[in-house]
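Peer 1: Quick one, fold the following:
(2 chains)
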Amino acid sequence: ETGVTQTPRHLVMGMTNKKSLKCEQHLGHNAMYWYKQSAKKPLELMFVYSLEERVENNSVPSRFSPECPNSSHLFLHLHTLQPEDSALYLCASSQATGGQGYSPLHFGNGTRLTVT
Amino acid sequence: AQSVTQLGSHVSVSEGALVLLRCNYSSSVPPYLFWYVQYPNQGLQLLLKYTSAATLVKGINGFEAEFKKSETSFHLTKPSAHMSDAAEYFCALYSGAGSYQLTFGKGTKLSVIP
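Peer 2: Coordinates of the predicted model:
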């Protein structure tokens, strides 16, 4: 299997549920990202892991909790979400450049999350 | 602060006609610029990138973009639209050394009329 794979593709959860989104990359990259895509809004960067360490956390509510156990896997743990958290959650990976230039992102197909 | 503005949230063209999707940027340092495409129910796919080499950049599927510093623009073009080009297109900017922040525009949805 190649590229960036996200599971599940669709998820419906109640506000009191706990669920997790999974992302796996087969590109040999060492940086992984979570983005939120909502209608009518630009993509929002949520979290970045580089070499398995969290390097950016863009003021994301604590009801979203990321985990990166190794350079190929990334999780987003969800609990007590709100209806406004309904969106497409995209995982991406890239090759960290150590500040020398920029390596383009490779995206998964996303998880469509609906919070009821 | 860096920003990306895509003019027109929705563009319609006839099959075979020129495609022009507009992107203007603001950056205090020389930027890296990207165009991504998103087909329905899929993630984003890189179309092309500008990294301070040639100002005219060729990408996949016959698309190209020209970096114009004087106009702070990076418009995407394709000479002849195909039905398969119908998708949403995102312009993105990176200008922060050492940061992982990629600033995206709001996207332009392209419709191709047969």
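Peer 1: looking at the chain, which helix or strand does the model trust least?
Peer 2: Unless you meant another one, I'm taking chain A. Counting by mean pLDDT, DSSP states H and E, the weakest-scoring helix or strand in chain A turns out to be strand A:53-57, with a mean of 79.
Peer 1: could you do chain B instead?
Peer 2: strand B:103-104 (a mean of 90).
Peer 1: ok, residues contacting that strand?
Peer 2: A:42, A:43, B:2, B:3, B:4, B:36, B:90, B:91, B:92, B:93, B:94, B:95 (C-beta atoms under 8 Å, 6 or more residues apart in numbering or on different chains). All C-beta atoms are positioned from the backbone trio N, CA, C, and that covers glycine.
Peer 1: Run the chain-centre distance for it.
Peer 2: Relative to the centre of its chain, strand B:103-104 is centred 11 Å away, using C-alpha atoms, centre = their mean, to the nearest Å.
Peer 1: Within its sheet, name the partner strands of the helix or strand following it and how each one runs.
Peer 2: Going down the chain from strand B:103-104, the next helix or strand is strand B:108-113, by DSSP states H and E. Using DSSP bridges, the strands paired with strand B:108-113 are strand B:10-14 (parallel), strand B:87-94 (antiparallel).
Peer 1: Name the stretch among those that sits most buried.
Peer 2: strand B:87-94 (a mean of 23; mean count of other C-beta atoms under 10 Å in any protein chain shown).
Peer 1: now what about that one, what contacts it?
Peer 2: Strand B:87-94 is contacted from outside by A:43, A:102, B:2-4, B:6, B:21, B:23, B:25, B:27, B:31-40, B:44, B:47, B:74, B:76, B:101-105, B:107-110, using C-beta under 8 Å, 6+ apart.
Peer 1: The residue in chain A that chain B sits nearest to: how many residues sit nearby?
Peer 2: Nearest residue of chain A to chain B: residue A:107, at 3.4 Å (C-beta to the nearest C-beta). For residue A:107, the count of nearby residues is 24 (other C-beta atoms under 10 Å in any protein chain shown).
Peer 1: What residues are bridge-paired with it?
Peer 2: residue A:92.
Peer 1: still on that earlier bit, okay if I get the strands paired with strand B:108-113 as a markdown table plus mean pLDDT?
Peer 2: Below are the strands paired with strand B:108-113 laid out as a markdown table (pLDDT from 0 to 100):
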| stretch | mean pLDDT |
| --- | --- |
| strand B:10-14 | 97 |
| strand B:87-94 | 95 |
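Peer 1: Quick one: those strands as TSV, columns for distance to residue A:33 too.
Peer 2: Below are the strands paired with strand B:108-113 laid out as TSV (distance: least, C-beta to C-beta, whole Å):
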stretch	distance to residue A:33
strand B:10-14	27
strand B:87-94	13
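Peer 1: residues in contact with the residue nearest the centre of chain A?
Peer 2: Geometric centre of chain A, nearest residue: residue A:34, 2.5 Å, by C-alpha atoms, centre = their mean. Residues in contact with residue A:34 (C-beta under 8 Å, 6+ apart) are A:23, A:45, A:46, A:47, A:66, A:74, A:76, A:89, A:90, A:91.
Peer 1: Helix or strand: which one has the second one?
Peer 2: If I follow you right, that is residue A:45. With DSSP H and E as the test, residue A:45 turns up in strand A:44-50.
Peer 1: and the angle from that strand to strand A:53-57?
Peer 2: 160 degrees (axes from the mean of the first three to the mean of the last three C-alpha atoms, to 10 degrees).
Peer 1: near chain B at all, strand A:44-50?
Peer 2: Yes - Strand A:44-50 lies within reach of chain B by C-beta under 8 Å from any C-beta of the partner chain, at A:45, A:48, A:50.
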